[in-house]
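Q: no sequence on hand, only this structure:
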């Protein structure tokens with residue numbers, strides 16, 4: 001029975017490390033040490049984990065299932081600090097406590113555990129992400145901060161404060177920090193604090209879907225303090241609870257600095273608070289990483305070389321429009337072009353580009369900013385969004401006077417951008433002359449590369465799905481299997497990791513120019529575009545399904561919901 005495990009790294013791994021690498025691994029949080037070791041060795045995490053298991057004699061625990069009977073044995077702060085979770089393993093054995101850990105146990109950890117349980121400890125290694133997820137599910141995000149029953153345990157980094165009284169305010173500060181940090185870890189784009197009857201619900205938006213966040217049982221007691229803490233961080237008026245407010249937080253986490261946009265609205269129970277997380281230093285996307293095929297990239301790149309005209313990206317909120325525009329800017333960015341952007345908010349920093357933040361509260365709107373930018377001798381202008389007739393008119397005039405203009409619109413499909421501009425009051429002949437390209441896009445969740453597997457699909461079901469997406473039924477010929485989600489420790493059981501784009505690229509030709517001048521409907525424009533080779537969002541989705549990047553369920557969810 002593997003009751004104890006060696007503290008230092010096994011020789012098979014340790015000898016391959018430098019002193020600096022050993023120090024970096026030792027200083028990393030426990031849940032990050034496997035990743036740090038894998039990076040130092042230049043090997044995949046899964047391979048290094050298997051090597052650790054083989055060298056230490058510990059068991060690799062997969063498909064983890066927590067042991068609810070043992071949950072009350074350990075305080076939340078200890079579980080969070082050491083990234084351990086009691087698990088069921090094999091046959092029930094009440095004489096021992098099975099613990100899954102993200103990193104090799106050490107003497108300090110064992111000593112603390114002995115103060116809470118006399119049971120023999122049996123250690124298992126497991127995927128750090130899965131252990132962290134189980135801790136969140138069973139103890140709640142930030143439970144280590146709000147735990148009222150663990151005074152006997154003090155985390156090592158706070159042992160010097162044992163003589164100080166940890167008050168409620170400090171606990172709330174730690175809890176809010178934990179919630180935001182966990183959102184960053186989960187790659188969430190938004191956090192929602194929603195007061196409900198008898199509870200404070202917290203949800204993250206991850207990969208476009210809202211995910212409930214497990215929270216400590218005693219969270220309701222701290223509701224008012226949590227809301228006040230968020231308003232203080234956003235520099236809002238904490239005494240004003242009747243009116244909506246907007247603010248922003250500069251949040252530092254590790255090496256990241258996030259610009260968090262905060263919005264409050266009064267509800268029947270308390271103020272609901274939404275946080276939008278903007279990491280300006282995050283890795284920028286290329287067109288290929290967005291999910292564009294070589295053919296789509298060629299279509300767009302050809303227009304990016306034009307000296308003037310308008311390129312529009314359309315889609316609902318959260319469909320990646322700004323990310324695409326940023327990828328286009330990086331594609332053409334060079335020392336011989338003066339590029340100026342007008343954004344709200346600035347989501348990415350682009351080296352060499354002059355980026356401006358609109359401030360409507362002091363009169364700096366998109367239209368006003370654009371007027372001033374035209375006096376700055378720009379070659380390329382990016383306008384974050386065309387929201388009104390003034391902005392649209394100035395953008396079109398800019399394109400007709402020798403500027404390349406990028407912008408976004410909220411429409412369901414690419415041809416709809418044309419009729420939307422006409423509906424705003426722009427003359428059709430100006431629209432037809434200025435618009436060079438319209439790209440409609442959506443984001444769908446990408447299948448987890450670790451666990452997705454081919455699964456059979458019936459011909460009838462395949463034909464039905466193709467019909468819904470507007471694809472030819474003949475494309476179902478010879479297809480008997482498609483990749484499907486399974487769920488593993490790496491993707492936290494969802495079967496999906498990250499997102500990929502679907503694109504509909506609309507370019508006007510002479511026939512479509514005449515339709516625009518005649519003020520024809522979006523449907524007529526779309527039919528003409530398809531006749532001239534435009535691939536629809538549904539057809540783009542089918543290509544991604546066929547290539548094994550996503551599933552019919554994902555494509556249908558995104559396209560049918562957003563096009564209703």
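A: Sure, I can see it. Note that this is a predicted model, so its numbers are computed, not measured.

Q: and the closest residue to residue 293 other than its chain neighbours, how many neighbours?
A: What sits nearest to residue 293 in space, not counting adjacent residues and going by CB to CB, 6 or more residues apart in numbering, is residue 543, at 7.1 Å. Using the backbone N, CA and C atoms, a C-beta is placed for each residue, glycine as well. Residue crowding around residue 543 was assessed by other CB atoms under 10 Å; the count is 19.

Q: just residue 289 next, same as before
A: Neighbour count of residue 289, defined by other CB under 10 Å: 14.

Q: what strand or helix carries it?
A: Residue 289 is located in helix 287-290, with elements delineated by DSSP states H and E.

Q: about what we covered before: roughly how far apart are the residue nearest to residue 293 and residue 496?
A: Computed with CB to CB, to the nearest Å, the distance linking residue 543 and residue 496 is 18 Å.

Q: in this protein, which helix or strand is least confident?
A: Of all the helices and strands that make up the chain, the one with the lowest confidence by mean pLDDT, DSSP states H and E is helix 143-146; it has a mean of 64.

Q: checking my notes, residue 238 in a strand, right?
A: No: using DSSP: H, G, I helix; E, B strand; the rest coil, the assignment for residue 238 is coil, not a strand.

Q: that one contacts residue 228, correct?
A: Yes: at 5.1 Å, residue 238 counts as touching residue 228 under the criterion of CB atoms under 8 Å.

Q: give the burial count for residue 418, as a bare number.
A: Residues contacting residue 418 under the criterion other CB under 10 Å number 29.

Q: tell me the contacts of it?
A: 431, 435, 438, 508, 516, 522, 525 (CB atoms under 8 Å, 6 or more residues apart in numbering).

Q: repeat for residue 53
A: By CB under 8 Å, 6+ apart, the contact set of residue 53 is 59, 60, 125.

Q: from residue 133, how far out is it?
A: Distance from residue 53 to residue 133, counting by CB to CB: 20 Å.

Q: quick check: mean pLDDT of the longest helix along the chain?
A: Longest helix in the chain by number of residues (criterion: DSSP state H): helix 168-185. Computed over helix 168-185, the mean pLDDT rounds to 86.

Q: can you name every helix or strand that that helix contacts?
A: Packed against helix 168-185, as judged by 3 or more CB pairs under 8 Å, 6 or more residues apart in numbering; DSSP states H and E, are the following elements: helix 143-146, strand 190-196, strand 199-206, helix 223-233, strand 245-253, strand 256-266, strand 271-279.

Q: point out the most buried one among these.
A: Neighbour counts averaged per stretch over the helices and strands packed on helix 168-185 are highest for helix 143-146, at a mean of 24; criterion: mean count of other CB atoms under 10 Å.

Q: poorly predicted segments of the stretch 451-564 of the chain, please.
A: Screening the stretch 451-564 of the chain residue by residue with the criterion pLDDT under 70, one finds the ranges 560-564.

Q: again, only this time at 80
A: Across the stretch 451-564 of the chain, residues meeting the criterion (pLDDT under 80) sit at 489-490, 492-493, 560-564.

Q: all helices for it, in order.
A: Under the criterion DSSP state H, counting those that start in this stretch, the stretch 451-564 of the chain contains helices at 459-468, 510-517, 522-531, 537-546, 552-562.

Q: if we compare those, which one ends up closest to residue 489?
A: Minimum separation from residue 489 across the helices of the stretch 451-564 of the chain (CB to CB) falls at helix 552-562, 21.2 Å.

Q: can you list the buried residues in the closest one?
A: Along helix 552-562, the positions that meet the burial threshold by neighbour count (16 or more other CB atoms under 10 Å) are 552, 554, 555, 556, 557, 558, 559.

Q: between these, which sits nearest residue 363?
A: When these are compared for distance to residue 363 (CB to CB), residue 558 wins out at 37.4 Å.

Q: quick revisit: select from the contacts of residue 53 the one having the most neighbours.
A: Going through these with other CB under 10 Å as the criterion, the one with the most neighbours is residue 125, at 23 neighbours.

Q: tell me the pLDDT at it?
A: In this model, residue 125 is scored at 89, pLDDT.

Q: can you give me the distance of the residue nearest to it when sequence neighbours are not counted to residue 406?
A: Taking CB to CB, 6+ apart, and ignoring the residues beside it in sequence, residue 125 has residue 58 as its nearest neighbour in space, at 5.0 Å. As defined by CB to CB, residue 58 lies at a distance of 54 Å from residue 406.

Q: so how many other residues sit close to residue 488?
A: One way to gauge burial is a neighbour count; for residue 488, by other CB under 10 Å, it gives 20.

Q: which residues sit in contact with the closest residue in space to it that isn't next to it in sequence?
A: If you skip the residues right next to it in sequence, residue 488 has residue 451 as its closest partner in space, 3.8 Å away by CB to CB, 6+ apart. For residue 451, the contact set (CB under 8 Å, 6+ apart) comprises 485, 486, 487, 488, 490, 491, 495.

Q: one more pass at 7 Å, please.
A: Listed by CB atoms under 7 Å, 6 or more residues apart in numbering, the contact set of residue 451 reads 486, 487, 488, 491, 495.

Q: with adjacent residues omitted, what lies nearest to residue 548?
A: residue 483 (4.1 Å).

Q: surely the one you found and residue 446 touch.
A: No: taking contact to mean CB atoms under 7 Å, the distance of 10.8 Å between residue 483 and residue 446 leaves them out of contact.

Q: out of those two, which sits in the more crowded spot?
A: residue 446 (22 against 18).

Q: residue 322 falls within a helix, correct?
A: Yes: secondary structure assignment places residue 322 in a helix (three-state DSSP).

Q: coming back round to it: looking at the helices of the stretch 451-564 of the chain, which is buried most?
A: Using mean count of other CB under 10 Å, the stretch among the helices of the stretch 451-564 of the chain with the greatest mean number of neighbours is helix 537-546 (a mean of 22).

Q: which other helices and strands does that one contact?
A: The helices and strands touching helix 537-546, judged by 3 or more CB pairs under 7 Å, 6 or more residues apart in numbering; DSSP states H and E, are strand 435-447, strand 496-506, helix 552-562.

Q: what angle separates that helix from strand 496-506?
A: In this structure, helix 537-546 runs at an angle of 140 degrees to strand 496-506, with axes from the mean of the first three to the mean of the last three CA atoms, to 10 degrees as the basis.

Q: what residues does helix 537-546 touch?
A: By CB under 7 Å, 6+ apart, the list of residues contacting helix 537-546 from outside reads 291, 413, 440, 442, 444, 466, 469-471, 482, 500, 502-504, 550-552, 555, 559.

Q: just the strands in the stretch 251-400 of the chain please.
A: With DSSP state E, counting those that start in this stretch, the ranges of strands along the stretch 251-400 of the chain come out as 256-266, 271-279, 309-314, 339-343, 354-357, 380-383.

Q: these into TSV, with extra columns for distance to residue 299 and mean pLDDT?
A: Below are those laid out as TSV (distance: least, CB to CB, whole Å; pLDDT from 0 to 100):
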stretch	distance to residue 299	mean pLDDT
strand 256-266	33	89
strand 271-279	30	90
strand 309-314	11	94
strand 339-343	22	93
strand 354-357	27	92
strand 380-383	19	94
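
Q: in what helix or strand does residue 407 lie?
A: Assignment of secondary structure by DSSP H and E places residue 407 within strand 404-409.

Q: distance from that strand to the middle of the chain?
A: Relative to the chain's own centre, strand 404-409 is displaced by 24 Å; criterion: CA atoms, centre = their mean, to the nearest Å.

Q: state the distance from the residue nearest to residue 548 to residue 14.
A: The gap separating residue 483 from residue 14 is 39 Å, by CB to CB.

Q: do residue 132 as well
A: According to CB to CB, residue 132 and residue 14 sit 25 Å apart.
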